[in-house]
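Undergrad: 3D model of this:
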Amino acid sequence: MDRTKQISEAIVQLKWDEIAALTNEALEAGIPALKILDQGLVPGMSAVGIKFRDGEVFLPELLLSAKTMKTALEILLPILSQQGTGFIGRVIIGTVSGDLHDIGRKIVASMLQGNGFEVIDLGIDVDPEKFVEVVRDNDVQILGLSALLTSTMPMMEATIKALEKARLRQKVKVMVGGASVTQAYADRIGADGYGADAVAAVEKARALISTQPH
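TA: Model prediction:
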């Protein structure tokens with residue numbers, strides 16, 4: 001089994017006490033930090049997120065997998081920051097009102113940070129008014145909205161409408177994502193971008209930022 005696969009499996013199997021050694025061994029073997037993130041951490045966390053969504057694992061396992069990921073990220077992010085191209089742009093990200101899931105959002109936020117973005121993470125259960133307030137008060141280029149549940153997805157559209165009402169819609173590009181979100185839904189509610197996973201989200205953010213002054 002290759003080293004990135006081992007890292008991915010360690011997250012799925014909740015081996016938080018082994019992940020630091022595995023991550024350092026991969027770096028010592030010459031594997032780039034971004035590859036460890038893209039091919040090790042992200043697939044592992046995605047697998048755990050799907051298991052949680054499908055009821056195969058529960059909150060204690062989810063929290064332990066997050067601890068495992070955080071341990072590895074503490075090693076990788078300083079390296080990724082040094083290798084980055086410098087400041088690209090500023091992103092606000094949050095899980096919409098009524099939704100308490102945050103693993104996917106944390107992965108995206110971590111990857112954005114590792115790729116040169118400054119991230120303002122508002123956490124979970126963020127109502128449209130809070131998103132509007134933070135967009136108004138900060139110089140940001142992208143607003144990322146996350147939702148895992150189909151029942152909370154309408155809050156994405158409500159947030160976009162709140163931005164329009166506050167005359168702030170033109171200030172930011174809006175990206176949406178989450179297990180239940182699709183490109184078709186993003187198009188329907190008037191979002192500017194959609195990421196099927198964390199890697200795609202970073203690529204989309206890079207593309208959107210090129211159209212925004214900062």
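Undergrad: any low-confidence regions in the chain?
TA: Counting by pLDDT under 70, the ranges of the chain that qualify are 81, 83-86, 114, 211-214.
Undergrad: helices of this structure, residue ranges please.
TA: Secondary structure of the chain (DSSP state H): helices located at 3-12, 19-28, 33-36, 42-53, 59-83, 103-114, 128-137, 154-165, 183-189, 198-209.
Undergrad: those helices: which one's closest to D121?
TA: Among the helices of the chain, the nearest to D121 by CB to CB is helix 103-114 (5.0 Å). The C-beta positions use only the backbone N, C-alpha and C, and glycine is treated the same way.
Undergrad: what's the angle between the closest one and helix 198-209?
TA: 50 degrees (axes from the mean of the first three to the mean of the last three CA atoms, to 10 degrees).
Undergrad: so A186 touches K173, yeah?
TA: No - A186 sits out of contact with K173 when judged by CB atoms under 8 Å, with a separation of 11.8 Å.
Undergrad: of the two, which one has the most company?
TA: Relative neighbour count places K173 above the other of A186 and K173, with 23 against 20, counting by other CB atoms under 10 Å.
Undergrad: please tell me how far that one sits from E74.
TA: K173 sits 30 Å away from E74, going by CB to CB, to the nearest Å.
Undergrad: overlap of the contact sets of A186 and K173?
TA: The overlap between the contact sets of A186 and K173 (CB atoms under 8 Å, 6 or more residues apart in numbering) consists of G193.
Undergrad: so which residue is smack in the middle of this protein?
TA: When the chain is reduced to its mean C-alpha position, the nearest residue by CA atoms, centre = their mean turns out to be V108, at 1.6 Å.
Undergrad: list the contacts for that one?
TA: 93, 144, 146, 177, 195, 198, 201-202.
Undergrad: do the same with L41
TA: The neighbourhood of L41, defined by CB under 8 Å, 6+ apart, consists of 7-8, 11, 69, 72-73, 76, 107.
Undergrad: if we go to 7 Å?
TA: Contact partners of L41, counting by CB atoms under 7 Å, 6 or more residues apart in numbering, are 7, 11, 69, 72.
Undergrad: neighbours around the closest residue to L76 other than its chain neighbours, how many?
TA: What sits nearest to L76 in space, not counting adjacent residues and going by CB to CB, 6 or more residues apart in numbering, is A33, at 4.7 Å. Using other CB under 10 Å, A33 is surrounded by 20 other residues.
Undergrad: go on, T23?
TA: By other CB under 10 Å, the residues close to T23 number 26.
Undergrad: which of the contacts of V108 sits closest to L64?
TA: Checking the contacts of V108 one by one against L64 (CB to CB), the nearest turns out to be A198, at 19.7 Å.
Undergrad: isn't the closest one right next to R105, touching?
TA: No - using CB atoms under 7 Å, A198 is not in contact with R105; the gap is 9.6 Å.
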